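Visitor: Sharing a model that was predicted from the sequence below.
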Amino acid sequence: MELFAQGKKAYVDLSKASFEFGSTEFLNYHLKNLVSFVQDHEVEQIIYEEEITYTLTKEATQILVEYARVLGEMEGLYLKKDIYGDPRDGMYTRRMEVFKRFLNTAYTNPVEAIRFLESYREPPPDRASMMKSYETFFNTIKYVINRLKSTKFYNLVISRGGVKEAFLSLVNLSTLSYIDLVVLDIPSDAVKVTRREGSYSLPYGVRVQIYEIPEKDIFIYDIRQPELEELPLELKNLLRELILNQLKENFLNQDYNILYNYKINEYKQIFLEAALIRNISITPRQALLMARDAASWVIGFGTPIENIALDRDNVTDIYIDSENSPIYLDHREFGITHTLYRYNREQLERAFKNMVLSERGKKFDSNSPVVDIVSSRAAMRCHLQRPPATFGELQGALRLMSEEPFTYAQYLYYQSMTPLFAGYDDVLVTYGSSEAVLGVKGVGKTSFTAAKIAAIGTRRRIIPVQDIWEIPVRAYRKRGFHIGAAKIASLDMEHLNRDLAELDLVAMANALLRMGDAALIINEVRSKSNVQGIINLLNTQPGVFLLYNLHAESLADIRDRLELVFGIPSSSMFATDRYTFLKKVRYSRRGRTYRLVGFEYESNRKEKKFEKIFELERGNNIDSTVLKAQFIKNPEANMKDWKNLDISKLAKELDLLFIPPTIQRRADDNGLKPEDLILQAFYKGYIIYRVYRTAVDLDNKELMKLDFYLKANNFANKILYDMEQEFGEIDFGEAQKIFDSTFPSMVELELKLLKQQSG
């Protein structure tokens with residue numbers, strides 16, 4: 001952490017420092033270096049180089065330089081023996097020790113150093129000959145006190161309330177008064193994003209404001225809790241006191257998934273009682289916010305991460321590159337966005353420990369330096385790394401999982417697909433077509449796979465097979481779906497030592513299918529043995545209903561991987577009915593990232609080829625981009641707005657270029673006309689569109705979520721069942737009219753229910 005000069009600028013390489021930036025140890029070491037450095041160099045600016053660079057202004061630099069020069073002067077005084085008086089004086093040695101202690105304290109805290117000198121007393125000498133020594137030393141003390149008090153750094157420490165706070169303010173950083181958390185100031189060149197997506201509120205009074213730094217092409221995610229920040233000092237002291245005491249406690253044998261909320265209630269009561277005893281004014285709301293903040297640091301992942309996790313509608317991932325490095329995140333609207341918070345080593349160790357304790361049996365130490373866990377309490381998947389898997393740092397990637405799965409209506413809202421594709425996908429999933437969902441990492445494969453469960457319905461047994469609890473099984477289970485969950489050994493870490501009690505994917509899948517027919521959903525296929533297992537399963541058990549996802553960008557990717565990497569003939573790919581590829585799309589360098597259906601292929605087993613059924617046609621923006629159906633000429637197939645869709649008219653004018661292979665197979669299996677399944681896709685797409693459009697028109701996103709979506713979908717399916725039983729065939733135009741006549745009353749009833757639930 002030595003200083004080195006380039007012209008009149010002094011650079012400090014913090015990457016070589018073992019101290020936390022701004023800590024007492026750091027300041028002691030840094031000021032001692034600076035004292036020596038300014039004797040030989042003229043310094044106009046100091047620049048601290050860490051994960052990010054902090055450049056002091058010339059004015060801020062001179063505050064430190066002035067203080068360093070004064071400390072250098074004090075070092076000179078310390079060496080002058082005559083200030084201590086006559087060596088024969090009995091207080092001579094003690095005076096040297098006093099000045100030495102003062103000097104050591106001055107490197108870390110000028111206020112404490114002066115307080116120490118001001119409190120120093122010694123009795124007047126007995127002999128008149130020693131009076132001069134006495135007066136000389138106390139005159140020196142008086143000079144030193146006045147000299148130190150005249151520095152700008154001393155006065156900054158007084159105004160800021162502490163040395164660390166004073167130093168951090170010079171580099172536009174600060175700490176919270178009730179926890180030692182470093183917070184960056186909003187950069188002076190940052191500009192507020194004024195559009196609607198740039199400012200919004202979250203639960204517990206949390207506010208988010210997005211800033212943009214145009215020259216650096218950076219977005220700042222400023223998340224604050226004004227009610228907590230504006231607490232009276234007495235309440236902040238109460239909060240700090242509780243956090244410090246509770247951090248000493250051990251909760252290793254507790255269930256961390258319920259302990260967090262339990263502690264919030266306990267801490268709230270403690271704050272209310274303590275405030276009453278100490279005659280401090282407090283409200284139940286303040287006590288709740290304080291309790292949640294305390295629990296976040298003691299049991300949770302730290303308040304910044306806990307607050308960001310409240311924003312799961314907008315934030316998909318949280319990233320931590322190392323301790324003392326700003327947390328950043330992936331925002332649906334603004335992409336990679338920086339926060340103003342940074343955890344020190346101790347705070348990050350605590351947060352990671354609490355994450356690991358969220359899932360029993362997991363270890364995170366030098367023998368297990370990489371771990372994947374899911375905190376069901378926070379609905380968060382946590383990938384954590386530490387040495388020896390890193391170069392000394394603690395690192396984390398936190399995926400915010402939806403507590404409820406996406407619905408097709410929500411996909412229409414984000415323009416990820418057209419109404420026809422949504423209906424088409426719903427129909428083929430309903431009829432049990434095997435499918436691979438593919439795309440690059442973070443494109444939304446798991447979410448899209450989970451959304452298909454709604455189309456499978458409550459009449460079929462469903463078993464997700466996964467190594468990490470990502471598919472929200474409980475959300476479906478409590479809504480009447482017959483859905484289990486099978487845990488298997490890690491799908492991408494099978495080469496590491498693992499618990500022999502964990503089955504691999506192939507063994508588990510075969511065991512589950514022996515127990516009866518089921519829709520098998522395999523999440524995240526990565527390893528060679530698991531790919532081979534799935535191919536084997538599809539080829540040895542024809543007709544098995546299997547949904548799986550893996551990383552690939554094209555059919556050629558899959559073919560090459562099977563043949564060149566895994567040694568499997570590419571002809572085995574025809575056992576999967578459908579291949580749906582998801583894509584990340586941006587329309588400018590700084591535009592938001594859209595996750596869209598890119599294209600869909602189906603296996604033509606007779607002709608041994610893959611038919612392209614849907615393909616994304618990119619426009620200049622999201623509104624002009626459309627997912628085009630390749631098998632039909634009717635313009636309605638590619639429209640996003642189905643407000644005026646007339647299925648009766650469409651049935652008479654249906655103009656097909658070819659019958660999709662999977663549609664043909666499902667029609668043959670069920671004794672139906674393939675045209676009827678295509679019309680059913682239009683019908684189901686229309687239902688999904690009505691749900692989406694109604695939610696948008698009423699500005700109520702709750703209507704797009706799972707509860708109301710399932711009600712609308714179940715009613716639409718019931719219309720078809722009733723019509724088929726009564727007439728033997730289905731008139732989809734008539735089914736549309738029946739749905740339209742009842743849907744408004746369903747919406748009205750749902751709005752009343754939502755109003756009651758909100759209180």
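Guide: That came through fine.

Visitor: make it CA atoms for all contacts and neighbour counts henceforth
Guide: Noted.

Visitor: Checking the closest residue to Ile141 other than its chain neighbours next. Helix, strand or coil?
Guide: Using Cα to Cα, 6 or more residues apart in numbering and skipping residues adjacent in sequence, the residue nearest Ile141 is Leu117, 6.9 Å away. Classification of Leu117 into helix, strand or coil gives helix, according to DSSP: H, G, I helix; E, B strand; the rest coil.

Visitor: and the gap between Leu117 and Arg101?
Guide: Counting by Cα to Cα, to the nearest Å, the separation of Leu117 from Arg101 is 9 Å.

Visitor: So for the two, which sits in the more crowded spot?
Guide: Leu117 (18 against 14; other Cα atoms under 10 Å).

Visitor: Any buried residues in the helix or strand where Ala695 lies, and which?
Guide: Per DSSP states H and E: Ala695 is located in helix 674-697. Along helix 674-697, the positions that meet the burial threshold by neighbour count (16 or more other Cα atoms under 10 Å) are 674-695.

Visitor: What is the following helix or strand past it packed up against?
Guide: Next helix or strand after helix 674-697 toward the C-terminus (DSSP H and E): helix 706-727. For helix 706-727, the contact count by 3 or more Cα pairs under 8 Å, 6 or more residues apart in numbering; DSSP states H and E identifies helix 674-697, helix 732-757 as packing neighbours.

Visitor: what are the pairing partners of the top strand by length along the chain, and which direction each?
Guide: Ranked by residue count under DSSP state E, the longest strand found in the chain is strand 594-604. On the basis of DSSP bridges, the sheet neighbours of strand 594-604 come out as strand 578-585 (antiparallel), strand 609-617 (antiparallel).

Visitor: so how far is that strand from its chain's centroid?
Guide: Averaging C-alpha coordinates over strand 594-604 and over its chain gives two centres that are 28 Å apart (Cα atoms, centre = their mean, to the nearest Å).

Visitor: Tell me who's in contact with Thr55.
Guide: The neighbourhood of Thr55, defined by Cα atoms under 8 Å, 6 or more residues apart in numbering, consists of 45-48, 171.

Visitor: quick revisit: make JSON lines out of the helices and strands packed on helix 706-727 and add distance to Met639.
Guide: Listed next are the helices and strands packed on helix 706-727 as JSON lines, based on distance: least, Cα to Cα, whole Å:
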{"stretch": "helix 674-697", "distance to Met639": "11"}
{"stretch": "helix 732-757", "distance to Met639": "18"}
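
Visitor: Now render these as TSV, adding distance to Leu247 and mean pLDDT.
Guide: As requested, those are arranged in TSV below (distance: least, Cα to Cα, whole Å; pLDDT from 0 to 100):
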stretch	distance to Leu247	mean pLDDT
helix 674-697	45	96
helix 732-757	37	94
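
Visitor: Quick check: which of these is nearest to Leu537?
Guide: Across these, Leu537 has its closest neighbour in helix 674-697 (27.1 Å, Cα to Cα).

Visitor: for the record, mean pLDDT for stretch 308-321?
Guide: Model confidence over stretch 308-321, given as mean pLDDT, is 93.

Visitor: and what of stretch 126-145?
Guide: Model confidence over stretch 126-145, given as mean pLDDT, is 88.

Visitor: returning to that earlier point: which of the helices and strands packed on helix 706-727 sits closest to Leu238?
Guide: helix 732-757 (34.5 Å).

Visitor: Only the buried residues of the host helix or strand of Asn28, if you could.
Guide: If you go by DSSP H and E, Asn28 is part of helix 24-40. By neighbour count, with 16+ other Cα under 10 Å as the criterion, the buried positions of helix 24-40 are 24, 26-32, 34-35, 37-38.

Visitor: could I have the helix holding Ala695 exported to PDB, CA atoms only?
Guide: Taking Å, rounded to 0.1, in the frame of the first residue of the first chain, the C-alpha atoms of helix 674-697 are listed here in PDB:
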ATOM      1  CA  PRO A 674     -54.900 -31.300 -37.100                       C
ATOM      2  CA  GLU A 675     -56.800 -28.200 -38.100                       C
ATOM      3  CA  ASP A 676     -58.800 -28.400 -34.900                       C
ATOM      4  CA  LEU A 677     -55.600 -28.400 -32.800                       C
ATOM      5  CA  ILE A 678     -54.400 -25.300 -34.700                       C
ATOM      6  CA  LEU A 679     -57.800 -23.600 -34.100                       C
ATOM      7  CA  GLN A 680     -57.500 -24.600 -30.400                       C
ATOM      8  CA  ALA A 681     -54.100 -22.900 -30.400                       C
ATOM      9  CA  PHE A 682     -55.800 -19.700 -31.600                       C
ATOM     10  CA  TYR A 683     -58.500 -20.100 -29.000                       C
ATOM     11  CA  LYS A 684     -56.100 -20.600 -26.100                       C
ATOM     12  CA  GLY A 685     -53.900 -17.800 -27.400                       C
ATOM     13  CA  TYR A 686     -57.000 -15.500 -27.400                       C
ATOM     14  CA  ILE A 687     -57.800 -16.400 -23.800                       C
ATOM     15  CA  ILE A 688     -54.200 -15.600 -22.800                       C
ATOM     16  CA  TYR A 689     -54.400 -12.300 -24.800                       C
ATOM     17  CA  ARG A 690     -57.600 -11.300 -23.000                       C
ATOM     18  CA  VAL A 691     -56.100 -11.900 -19.600                       C
ATOM     19  CA  TYR A 692     -53.000  -9.900 -20.500                       C
ATOM     20  CA  ARG A 693     -54.900  -7.000 -22.200                       C
ATOM     21  CA  THR A 694     -57.400  -6.700 -19.300                       C
ATOM     22  CA  ALA A 695     -54.500  -6.400 -16.800                       C
ATOM     23  CA  VAL A 696     -52.900  -3.700 -18.900                       C
ATOM     24  CA  ASP A 697     -56.100  -1.800 -19.500                       C
END
